[in-house]
Each structure stands twice: as C-alpha cells, then as structure tokens.
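Colleague: 3D model of this:
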Amino acid sequence: MAIGGRAPYHRKAGPIGAAAATTAVGAWIAFESTTAVGDYFVRLGTSGGVDGRTVMAMNGMTTLSVGVGVTLTSTLVFSAVILFLLALQEARYVVMNEPVIFYRCDGADPSCCVNGPHNKGYNERFVYMNHGRGFETRRVQCMQRHLKVSKKCSMLEPLIVYPKDEKWGFW
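Modeller: Residues are numbered from 1 along each chain as shown. This is a model prediction of the structure:
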C-alpha cells in the first residue's frame with residue numbers, strides 16, 4: 001500500500017460558473033446567428049427574379065442551416081443549465097458548510113485505475129494515492145462500477161469533508 005496522497009478533489013464554483021456563463025453567451029450567439037442565416041435564405045428565396053430551382057435549393061439550405069443552428073443552440077443551452085446547476089451546488093456546499101462525502105478504494109488491485117476507474121481511460125484527478133492508484137468519487141454508484149473492474153480493491157470508509165475545515169473557496 002502506498003503512503004501519501006492528495007486531499008479530496010475540490011470542484012470550485014467560480015470557474016464552473018464562468019464556464020456556464022461563457023456557454024450561455026455561446027448559445028445566445030448561436031441563436032442569433034441561426035435567426036440571421038434563416039432570415040437571409042428566406043429573403044433570398046422570396047426576392048424577385050429568382051427561378052423555381054433556386055427557390056427549392058434555398059429552401060433546402062434554409063432547413064439545413066436552421067436545423068444545425070437549432071441543434072447547436074439547444075446543446076449549448078442544455079450544457080449551460082447543467083453547469084449553472086453544478087456551480088450552484090458547489091457554492092451551496094461552501095456557503096452552508098454542508099458535508100461532502102467522498103468514496104475511496106484501497107488501491108490493492110495492481111490494475112486499479114491503470115486504464116481509468118471504469119476501464120475507459122486514465123485521468124489522474126480520479127486517483128488520490130501517490131503511486132497512481134486509489135479511486136476517489138462522490139457517487140457510490142461510480143465506486144461500485146470501479147469495484148467490478150478492479151476486483152481486488154475494496155471500498156474504504158466514506159470520507160466526510162466539511163468545506164470550512166478544508167478552507168475551500170469559490171476560486
């Protein structure tokens with residue numbers, strides 16, 4: 001078993017909120033661009049002196065451009081809402097000093113987190129021990145999936161962290 005490791009991973013509300021605001025601005029720009037392009041193609045198709053084949057092509061371009069724009073806008077809006085909710089949750093933990101529960105494994109399996117906690121790729125933010133093992137998560141379901149992949153690992157007692165004690169902030 002390795003000695004040492006890092007403190008529990010803290011998701012800061014400020015950068016998450018800034019990312020949400022940036023995503024919301026991108027959604028607004030995508031919406032305005034979609035509207036402008038759609039209006040352009042409609043105006044072009046209804047202008048005088050345009051033959052029937054051009055109007056049909058413009059209808060297809062209008063449908064395509066508006067469809068892509070609506071898809072992009074809705075994806076960005078959905079992402080912004082999720083990021084805002086996550087930022088609010090993390091801010092609530094800090095402001096109200098609500099406990100945050102972390103689930104960790106002991107890292108006993110030699111293949112623990114070698115290819116990520118669920119065999120989907122390695123990322124060091126999931127690992128808390130110095131030797132590159134020891135999965136950490138806030139969700140018990142993720143820990144259960146990890147234990148199915150790394151069969152020799154076992155779950156440690158949940159670690160309860162209070163943000164004020166750890167001096168967590170927004171940035």
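
Colleague: as a whole number, average confidence for the longest helix along the chain?
Modeller: Looking across the chain with DSSP state H, the single longest helix is helix 52-96. Averaged over helix 52-96, pLDDT sits at 87.

Colleague: and A30, what does it touch?
Modeller: G69, L72, T73, L76 (C-beta atoms under 8 Å, 6 or more residues apart in numbering). To be clear about C-beta, it is placed using only N, CA and C from the backbone, and glycine gets the same treatment.

Colleague: show me what the lowest-mean-pLDDT helix or strand in the chain is packed against.
Modeller: The weakest-scoring helix or strand in the chain, judged by mean pLDDT, DSSP states H and E, is strand 136-137 (a mean of 83). Using 3 or more C-beta pairs under 8 Å, 6 or more residues apart in numbering; DSSP states H and E, the elements in contact with strand 136-137 are strand 100-104.

Colleague: show residues contacting the strand it packs on.
Modeller: 8-9, 93, 128, 134-140, 142-143, 155-156, 158-163.

Colleague: mind listing what P163 touches?
Modeller: H10, Y93, V94, N97, E98, V100.

Colleague: can you flag the buried ones in these?
Modeller: With neighbours counted by 16 or more other C-beta atoms under 10 Å, the contacts of P163 contain buried members at H10, Y93, V94, V100.

Colleague: does the third one touch W171 like I think?
Modeller: Put plainly, it is V94. No - with contacts counted by C-beta atoms under 8 Å, V94 stays clear of W171, the gap being 10.7 Å.

Colleague: quick one: low-confidence residue ranges for this protein.
Modeller: 1-5, 45-58, 115-126, 130, 132 (pLDDT under 70).

Colleague: domain parsing for it?
Modeller: The record's domain split for the chain, according to automatic domain parsing, is 13-96, 100-162.

Colleague: what's around A80, how many residues?
Modeller: 20 (other C-beta atoms under 10 Å).

Colleague: would you agree it is in contact with A20?
Modeller: Yes - counting by C-beta under 8 Å, A80 does reach A20; the two are 5.2 Å apart.

Colleague: counting neighbours, what do you get for V42?
Modeller: When neighbours are defined as other C-beta under 10 Å, V42 has 14 of them.
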